[in-house]
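> Fold the following.
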Amino acid sequence: MITGESILHLREQPLLSNGYTLSNESNRLGWLVPSNPHLPIDVLREQYDAQGYVWLKGLIDPAEVWDFRARYFAALRSAGMIAPDSDPVNGIYAGGEDKRMVTEKLVEISRWARYEAFCLAKPIVDFYEAFFQAPIYLHKRMLIRHTRPGDPNCTGAHYDLVYLRAGTDQLCTSWIPIGDIPVEMGGLVYLEGSDGWGRKMEAEFSIKNADLSPEERLSAYNKNMNEAGWLTKNLPELAERLNTRWLMADYEAGDMVVHSPYMIHASTMNENAEGRMRLSTDIRFQRASDVIDPRWQMHWYPGDEKRF
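Next comes the predicted model:
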């Protein structure tokens, strides 16, 4: 029987991120631990507190996920992004696109009622109402992202709270793969045990930021922060420095990962040989009664990251 750990050593194609190669050694690369979404909420909460995340397998109806994926890429066909005569649900990249038109379509999609309904599907709302034991609020700024195969530019290592400092830290990010995202398609990777490291780093940033103006203290881009609010692009060096592992996963349509605002994560390169684009959305929930970062109470628009 081949175990997850032994599979690590059978990978012929190493994971890449921003020009860096992740180590395949079992003390530097591992597997995300899945959770059954039907477990009692107290059990899932314990797993979340212990790990900094819960990967809820099959929480959402896969048919709804595939339907939304097909609609998304069908909307982008007119921008020249989808290979001619291909089924939009496959998301086969055409090798180029009209970038201005793609941006216009993304603004339109981010405001679709169907997109909001997808993010507020009953299983998601039921989970969060049980998790928070209170009325919940979905941040209006919802992010949907496609990743072209072969694009070397990946999301660097970061934790989400750096972009949400004007509100409560009692919130969660949901990362939802829209379609299957096996390891080679560049899904999220999580730094094992890093919720505690994120809390320590944020406390250190708070001390460094103490002399800044109130506006600068909240900024993910102030003088004490790195590029884009990231900790680093060098994922292997960070794992080495903290003596831990990056955790990867073969995500499937219907899955949802819930992670803490301090959990360090990043992405790897989409290396799908068939030219399929990765599609995912990341959204944020909190108790409606807690302080909400006002910057997240409006729809995404191009260049809005400058507000953070």
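> out of everything not next to it in sequence, what's closest to R141?
Distance criterion Cβ to Cβ, 6 or more residues apart in numbering; nearest residue to R141, sequence neighbours excluded, is W296 at 4.5 Å. For every residue, glycine as well, the C-beta is placed using N, CA and C.
> in what helix or strand does A203 lie?
A203 belongs to helix 194-208 when assigned by DSSP states H and E.
> wait, what's in contact with Y115?
Taking Cβ atoms under 8 Å, 6 or more residues apart in numbering, we find Y115 in contact with 68, 109, 142, 144, 281.
> Now intersect those with the helices, please.
Counting by DSSP state H, the contacts of Y115 place 68, 109 in helices.
> ok, of the contacts of Y115, which one's closest to S78?
Distance to S78, by Cβ to Cβ, is smallest for I109 among those, at 12.5 Å.
> got a list of what the closest one touches?
Residues near I109 by Cβ under 8 Å, 6+ apart: 72, 75, 115, 144.
> Kindly recompute the last result at 10 Å.
I109 sits next to 68, 71-72, 75-76, 115, 144, 300 when contact means Cβ atoms under 10 Å, 6 or more residues apart in numbering.
> Of the residues you listed, which belong to strands?
Of the positions in those, I144 sit in strands, assigned by DSSP state E.
> Can you pick out the most distant pair from the contacts of I109?
For those, and using Cβ to Cβ, no pair is farther apart than R71 and W300, which are 18.0 Å apart.
> just the contacts of I109 now: which is nearest L235?
Using Cβ to Cβ, those come closest to L235 at I144, 23.6 Å.
> Quick check, that closest one in contact with P177.
No - look at I144 against P177 with Cβ atoms under 10 Å: they stay out of range, at 11.7 Å.
> Show me the shaky parts of the stretch 101-250 of the chain.
Applying pLDDT under 70 to the stretch 101-250 of the chain picks out residues 220-221, 223-225, 227.
> Can you show me the helices along it?
Taking DSSP state H, counting those that start in this stretch as the test, the helices found in the stretch 101-250 of the chain are 113-119, 122-132, 194-208, 214-218, 235-242.
> In CSV, list these along with distance to M256.
Conversion of the helices of the stretch 101-250 of the chain to CSV gives the following (distance: least, Cβ to Cβ, whole Å):
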stretch, distance to M256
helix 113-119, 10
helix 122-132, 7
helix 194-208, 18
helix 214-218, 28
helix 235-242, 23
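> I figured L235 hits P14, correct?
No - in this structure L235 lies outside contact range of P14 using Cβ under 10 Å: 11.6 Å.
> In terms of neighbours, single out the busier of these two.
More crowded of L235 and P14, by other Cβ atoms under 10 Å: L235, with 28 against 13.
> what about that one, distance to K105?
31 Å (Cβ to Cβ, to the nearest Å).
> do the same with S17
Going from S17 to K105 by Cβ to Cβ gives 27 Å.
> Check T268 too.
26 Å.
> And L212, by the same measure?
Following Cβ to Cβ, the distance that separates L212 from K105 is 38 Å.
> Please apply the same query to K57.
Computed as Cβ to Cβ, the K57 to K105 distance reads 31 Å.
> Same check on W31?
With distances taken as Cβ to Cβ, W31 is found 35 Å from K105.
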